[in-house]
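> sequence plus predicted model, see below.
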Amino acid sequence: MALAIAIMALAAALAYYFIVYPTGSGFLFGRNPVSYSDSSGQLLDAKEVCIMGNISDTIDPQRKNIMNCGVDYASSLGAINKSVQTYFIEGNECTRLEGVTDVGNCMIELNKRGCYIIFIGNEMNGTPKTLENLIYVPIGNDYQNKSCSIKKRVN
C-alpha cells in the first residue's frame, strides 16, 4: 500500500514538473509568452501539431467539450495539411493513438516530437495563453461547436 502511494505521489510530481514547472527545455508553461500573431505564424510553420487535452477531474458537459474541442482542432488542422497527434490526460494516464501510458511517458514523447502544442485545459474561467510553439485553450461548460478550429488566411 505504501509503495502504491509513493508511486502515485511520484507520478503527480512528474506531471506537475512537466506540465507546470518551467523546465530547461521549456516544455509547456515554461515557454516564453509570444504575441497571438507570432503564435499563429509558429503554428502555420509547424510540420506537426500535438493536441493535448486535460480531462482530469471533469464531468459532462466540460469533459465532452474538451474532447470535442480536440476533435475540432484536429479536423481543421488536417484540412490545412498538418500532421496531428492527439493526447488526452486523465489522472495519471495519457491516452494516445498508440494506447494508454502514464503521463510522464507522454510528456517525454511530446518533448521528443518537437511539435507545436495545442493544450486544452480544464479551467472553467481560464484565460487563453500564447507561448512559444504552444497555445493554451481553457474549456469550461460552454462550448460552441467548431469554435476550436484553425483557419488559414488567404491573402
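Now that the structure is in, tell me what you want to look at.
> burial of the closest residue in space to residue 117 that isn't next to it in sequence, as a residue count?
Leaving out its chain neighbours, the residue that sits closest to residue 117 by C-beta to C-beta, 6 or more residues apart in numbering is residue 134, at 4.4 Å. Yep, even glycine has a C-beta here, placed from its N, CA and C like the rest. Here the number of neighbours of residue 134 (other C-beta atoms under 10 Å) works out to 24.
> one more: residue 32?
8.
> repeat that for residue 89.
22.
> mean confidence score for the helix or strand where it lies?
Under the criterion of DSSP states H and E, residue 89 resides in strand 83-90. What strand 83-90 shows for mean pLDDT is 94.
> helices or strands next to it in the packing?
If you count contacts as 3 or more C-beta pairs under 8 Å, 6 or more residues apart in numbering; DSSP states H and E, strand 83-90 packs onto strand 48-54, helix 62-79, strand 93-96, helix 103-113.
> and those: which comes nearest residue 86?
The closest of the helices and strands packed on strand 83-90 to residue 86 is strand 48-54. By C-beta to C-beta, the value is 4.7 Å.
> so what's the residue lying closest to residue 58 once chain neighbours are set aside up against?
Nearest non-adjacent residue to residue 58, counting by C-beta to C-beta, 6+ apart: residue 122, 5.1 Å away. Residue 122 is in contact with 54, 55, 56, 57, 58, 62, 66, 138, 139, counting by C-beta atoms under 8 Å, 6 or more residues apart in numbering.
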